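> The sequence isn't on hand, but the structure is:
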């Protein structure tokens with residue numbers, strides 16, 4: 001089985017478990033939030049927390065994916081820099097070889113004129 005299928009199955013089991021728990025726990029409970037007290041269905045709280053957890057996981061995964069893409073781009077840039085350094089060194093060698101050839105030719109001409 002692929003990892004993707006396993007993750008889908010685990011997600012489906014979690015969703016079904018949460019919905020089942022919410023369905024069998026329909027009683028109302030008293031909650032307090034920011035100094036206010038109110039009565040809410042336990043099922044509603046469970047579903048809201050499940051959705052908030054999913055949203056948090058989604059945001060964290062997006063952040064991780066963005067960091068991975070950034071790291072991948074940095075590796076690509078390093079590879080391009082290394083390739084460019086090799087090309088520059090090759091060009092430098094070619095330039096020096098051309099200068100040497102020019103100097104050798106000039107030296108040969110000077111020696112011929114002298115003789």
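Right, received. Where do you want to start? Note that this is a predicted model, so its numbers are computed, not measured.
> And residue 95, which helix or strand is it part of?
helix 42-114 (DSSP states H and E).
> And the residue nearest the centre of the protein?
residue 68 (1.8 Å; CA atoms, centre = their mean).
> Got the confidence number for that residue?
You'll see residue 68 listed with a pLDDT of 92.
> Then residue 83?
Note on residue 83: pLDDT of 89.
> Look up how far residue 61 lies from the residue nearest to the centre of the chain.
Residue 68 sits 10 Å away from residue 61, going by CB to CB, to the nearest Å. Backbone N, C-alpha and C define where each C-beta goes, glycine included.
> How about residue 78?
For residue 78, the distance to residue 61 equals 26 Å [CB to CB].
> cool, residue 107 as well?
69 Å.
> again with residue 34
30 Å.
> what does residue 17 give?
Counting by CB to CB, the gap from residue 17 to residue 61 is 21 Å.
> contact partners of stretch 35-47?
18-19, 21-23, 25-32 (CB atoms under 8 Å, 6 or more residues apart in numbering).
> mind redoing it with 6 Å?
Residues outside stretch 35-47 that contact it (CB atoms under 6 Å, 6 or more residues apart in numbering) are 21-22, 25-31.
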